[in-house]
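Peer 1: This is a predicted model, with the sequence first.
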Amino acid sequence: MGLKWWEPYMPLKLLLFAAATAAMMLSLITPAAASVAYDHKAVIINGQRRILISGSIHYPRSTPEMWPNLIQQAKDGGLDVIQTYVFWNGHEPSPGQYYFEDRYDLVRFIKLVQQVWLKYVPGIQFRTDNEPFKIENEFGPLEWDQGQPAKTYAAWAAQMAVGLDTGVPWIMCKEDDAPDPVINTWNGFYGDYCQINLTSLPCLQKFGGWFTGFGGPVPHRPVEDLAFAVAKFIQKGGSFVNYYMYHGGTNFGRTAGGPFIATSYDYDAPIDEFGLLRQPKWGHLRDLHKSIKLCESALISGDPVVASLGNFQESHVYRSVYGDCAAFLANYDTKSYARVAFNGMLYDLLPWSISILPDCKTTVFNTARVGVQTSLMQMKPIGGFSWQSYADDTNFEDDKSFSIVGLLEQINVTRDTTDYLWHCIWWFEGSKATFTGAVKLWKKCDFDLKCSCRTSLTLSGLNEGQRYLTWQKWTYQIGLKGEALSLHTLSGSSSVEWGDAYPKQPLTCPSSMRPVGNDPLAIDMSSMGRGNWGKWTEYWEILASLYCNRRLQSMYHIPRSWINPTGNLLVLFEEWVGDPASISMVTRNTGNICSYVSELQPSVVHWRNKGYNNSKVHLSCEPGKKMTNIKFASFGIPKGTCGSFSEGTCHAQKSYEVFEKRCLGHESCSVSVASEVFGTDPCPGEIKASAVEAICG
């Protein structure tokens, strides 16, 4: 891979806001001739109410080569619907110029969704007028800020959409006054307080994790809390849940937007930025979806009967006219276990948890009791690079330069063709004016304007007082010389002379490499400052927060489909200073896998069988890899979490032997959590569990 690097002389970089103007809900269960309607309870498909589980996957934030696997993983995770934005800023980058190729091939993405869900439906055909479309994305807060003009626009948008007569429901997000028959959706982390604007409309929800912003923390939402929120929403009468995001992906190019959103759009989602399953989040939610579907016939039949089971406990019971019964038992206490009596039986509820009983008797799922494996991901270095360097000319002007009185807004000037806009002013006062004083630059934010507005500009410290510069004559230069020369392309990179490197600057000698295998790839940029990789992405090695001494993002995803067997060129544009000699390519894969399963772990799969209480540990490596070592194993009362397990007050001596015999040399294995499997009961009368950590290789 040929590697190039060029640096500027302190350019001013402002925020770029990438806007998605619409969103689409792709129904994955309806044939072309299906009718789609709704009532106060749920979305109705072919006359049947349905509980629908949806997940957001944004097609431009991954590559077409990744789409089939992402969509299949979504289906395997129990999703009925894929939600995506329509990124019109990418489809019409300038008026009258349209782009629907590569990552913006929306039709290809929709057809792939169709193939995964509907390939076995006889006579299925692709259509675009039988899916629900969202009219406007999160316009409610702007409406409140902008007043009557915004309200008028929202009403017009709704009426326009309904007037298209698509025959399917339209939804709006955060639009409390959405006009009938448009459905307002609740957008938040907990949707049990969702308020519908008319009794004829169902309650829909959209929520999940949160994005990462440069300079802030990396958000993480435990799967126990996420599962609790979904179950609580359903038990309160919700019927349509969307995970934003189910796969977040990557903000390639300059599409990260604001406020200071990072290049990674991972969102702590069930499928991570690289397209790999995030365990236990993906698996635990999959089991939750199965449990909810077991209750569907009762859930869609009417409203629940709610009863108190204690100070912080309650039950929600749904019944159908056909005798179906489903119950949700909730413990809202955040610290204490609860034992409750329900239907003549006793149930133990973990703190801040909900148990699901599809027959009003048998617990098949508890939101706080995770029974699937945890996968510890690793970034494994596979090689470094050598570099050549080129210093960008900060004084160059081309035919894009112009002068005008006043300060102009950046996006309107650059038209989203570059991140860089130079503002230059010349001022001559002879020897009459002098300047004294200090210049204050904000720590970690030098040369960045943290607002999307225009303001006045003054020069203070002059012996004659302040000088207002806003309405002086300014000269503007759009972009950099390196951009004008297309240094990020093979042809453009040969148009300049790349020099030898100096300390703390790029090294020489380009190289070529194409890593073997199928593991996702990334570049470790922890030694660099801030800049761009041509069309690929932006990097900024800022700390995660003022109180967290670690990099916010150091690993930057490179899709394998972008790397050729030979003739690769990686161009980095560094704004500050860095050590490119320390840049390395890494692969992302599963290192160790763990599981902690209690004897009381419910089973959503075998719950109707008499022996369903026979809990099992399930371990699985990535395809093509096998378990090579059992790092820890204990049946009894083990302590700790994945990566730091330890033996507790009781431990079966044959624990290692059992797991080594069942798992080593296999891609996957299962071991029952039962005393007879381990040869003895190490602590009779105690509730026991199995904890294991294995290494895949």
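Peer 2: Everything's here; your move.

Peer 1: drop to CA atoms for contacts and neighbour counts, all remaining ones
Peer 2: Fine.

Peer 1: so where does residue 377 fall, helix or strand?
Peer 2: Using DSSP states H and E, residue 377 maps to strand 374-384.

Peer 1: Can you tell me how far residue 187 is from residue 527?
Peer 2: Distance check for residue 187 against residue 527: by C-alpha to C-alpha, to the nearest Å, it reads 38 Å.

Peer 1: okay, these two: which has more neighbours?
Peer 2: Between residue 187 and residue 527, counted using other C-alpha atoms under 10 Å, residue 187 has the larger neighbour count: 19 against 16.

Peer 1: Contact partners for residue 604?
Peer 2: 287, 290, 291, 364, 365 (C-alpha atoms under 8 Å, 6 or more residues apart in numbering).

Peer 1: Can you list which of those residues are found in strands?
Peer 2: Members of those lying in strands (criterion: DSSP state E): residue 365.

Peer 1: ok, which stretches of this structure are helices?
Peer 2: With helices called from DSSP state H, the chain shows them at 67-76, 88-91, 106-118, 140-146, 148-163, 223-235, 281-294, 296-299, 410-414, 481-484, 490-493, 655-663.

Peer 1: Make JSON lines out of these and add mean neighbour count and mean pLDDT.
Peer 2: JSON lines is the format used below for the helices of the chain (neighbours: other C-alpha atoms under 10 Å; pLDDT from 0 to 100):
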{"stretch": "helix 67-76", "mean neighbour count": "19", "mean pLDDT": "97"}
{"stretch": "helix 88-91", "mean neighbour count": "17", "mean pLDDT": "88"}
{"stretch": "helix 106-118", "mean neighbour count": "18", "mean pLDDT": "88"}
{"stretch": "helix 140-146", "mean neighbour count": "13", "mean pLDDT": "64"}
{"stretch": "helix 148-163", "mean neighbour count": "15", "mean pLDDT": "78"}
{"stretch": "helix 223-235", "mean neighbour count": "23", "mean pLDDT": "95"}
{"stretch": "helix 281-294", "mean neighbour count": "22", "mean pLDDT": "98"}
{"stretch": "helix 296-299", "mean neighbour count": "25", "mean pLDDT": "96"}
{"stretch": "helix 410-414", "mean neighbour count": "16", "mean pLDDT": "85"}
{"stretch": "helix 481-484", "mean neighbour count": "17", "mean pLDDT": "86"}
{"stretch": "helix 490-493", "mean neighbour count": "14", "mean pLDDT": "82"}
{"stretch": "helix 655-663", "mean neighbour count": "17", "mean pLDDT": "98"}
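
Peer 1: Export the ones you listed as CSV, with columns for distance to residue 584.
Peer 2: Listed next are the helices of the chain as CSV, based on distance: least, C-alpha to C-alpha, whole Å:
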stretch, distance to residue 584
helix 67-76, 27
helix 88-91, 31
helix 106-118, 32
helix 140-146, 43
helix 148-163, 49
helix 223-235, 32
helix 281-294, 29
helix 296-299, 50
helix 410-414, 33
helix 481-484, 24
helix 490-493, 21
helix 655-663, 34
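
Peer 1: So which of those is nearest residue 327?
Peer 2: helix 223-235 (8.3 Å; C-alpha to C-alpha).

Peer 1: And for the closest one, what's in contact with it?
Peer 2: Here helix 223-235 makes contact (C-alpha under 8 Å, 6+ apart) with 189-192, 208, 241, 280-281, 284-285, 288, 292, 304, 316, 328, 352-354, 367-370.

Peer 1: okay, that helix in PDB with CA atoms only?
Peer 2: Output of helix 223-235 as PDB, limited to C-alpha atoms (Å, rounded to 0.1, in the frame of the first residue of the first chain):
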ATOM      1  CA  VAL A 223     -28.100  -4.700  27.700                       C
ATOM      2  CA  GLU A 224     -30.000  -5.400  30.900                       C
ATOM      3  CA  ASP A 225     -31.300  -1.800  30.900                       C
ATOM      4  CA  LEU A 226     -32.100  -1.800  27.200                       C
ATOM      5  CA  ALA A 227     -34.000  -5.100  27.500                       C
ATOM      6  CA  PHE A 228     -35.900  -3.700  30.600                       C
ATOM      7  CA  ALA A 229     -36.900  -0.600  28.600                       C
ATOM      8  CA  VAL A 230     -38.200  -2.600  25.700                       C
ATOM      9  CA  ALA A 231     -40.100  -5.000  27.900                       C
ATOM     10  CA  LYS A 232     -41.600  -2.200  29.900                       C
ATOM     11  CA  PHE A 233     -42.700  -0.400  26.800                       C
ATOM     12  CA  ILE A 234     -44.400  -3.600  25.500                       C
ATOM     13  CA  GLN A 235     -46.000  -4.400  28.900                       C
END
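
Peer 1: Out of the helices of the chain, which gets nearest to residue 255?
Peer 2: Closest approach to residue 255 among the helices of the chain (C-alpha to C-alpha): helix 88-91, 9.3 Å.

Peer 1: Quick one: list the elements packing against that closest one.
Peer 2: With contacts defined as 3 or more C-alpha pairs under 8 Å, 6 or more residues apart in numbering; DSSP states H and E, helix 88-91 has no helix or strand neighbours.

Peer 1: OK, contacts around the residue nearest to residue 104 when sequence neighbours are not counted?
Peer 2: Distances taken as C-alpha to C-alpha, 6 or more residues apart in numbering put residue 60 closest to residue 104, at 5.6 Å, once the chain neighbours are dropped. With C-alpha under 8 Å, 6+ apart as the criterion, the residues that contact residue 60 are 87, 103, 104.

Peer 1: separation between the second one and residue 417?
Peer 2: In other words, residue 103. Applying C-alpha to C-alpha, one obtains 18 Å for the distance of residue 103 from residue 417.

Peer 1: next one: residue 250
Peer 2: From residue 250 across to residue 417, the span is 20 Å (C-alpha to C-alpha).

Peer 1: So for the two, which sits in the more crowded spot?
Peer 2: Ranked by neighbour count (other C-alpha under 10 Å), residue 250 and residue 417 place residue 250 first, with 28 against 13.

Peer 1: isn't that one right up against residue 272?
Peer 2: No: contact status for residue 250 versus residue 272: not in contact, 9.9 Å apart, counting by C-alpha atoms under 8 Å.

Peer 1: Which neighbours do those two have in common?
Peer 2: Shared contacts of residue 250 and residue 272 (C-alpha under 8 Å, 6+ apart): residue 266.

Peer 1: Counting neighbours, what do you get for residue 337?
Peer 2: Close neighbours of residue 337, defined as other C-alpha under 10 Å, add up to 15.

Peer 1: Compare the helices of the chain and give me the one nearest residue 475.
Peer 2: Taking the helices of the chain one by one with C-alpha to C-alpha, helix 410-414 is closest: 12.1 Å.

Peer 1: Go through the contacts of residue 60 and single out the one with the most neighbours.
Peer 2: Highest neighbour count within the contacts of residue 60: residue 104, with 22 neighbours (other C-alpha under 10 Å).

Peer 1: Might one say that residue 38 is in contact with residue 169?
Peer 2: Yes: taking contacts as C-alpha under 8 Å, residue 38 lies within contact range of residue 169: 7.3 Å.

Peer 1: Relative to residue 289, how far out is residue 328?
Peer 2: Counting by C-alpha to C-alpha, the gap from residue 328 to residue 289 is 14 Å.

Peer 1: just residue 365 next, same as before
Peer 2: 10 Å.

Peer 1: I'd say residue 320 and residue 302 touch.
Peer 2: Yes: using C-alpha under 8 Å, residue 320 is in contact with residue 302, at 7.4 Å.

Peer 1: Give the other helices and strands that the strand holding residue 377 contacts.
Peer 2: Strand 374-384 packs on strand 584-598, going by 3+ C-alpha pairs under 8 Å, 6+ apart.

Peer 1: What average pLDDT does stretch 392-399 get?
Peer 2: Here stretch 392-399 scores 75 as its mean pLDDT.
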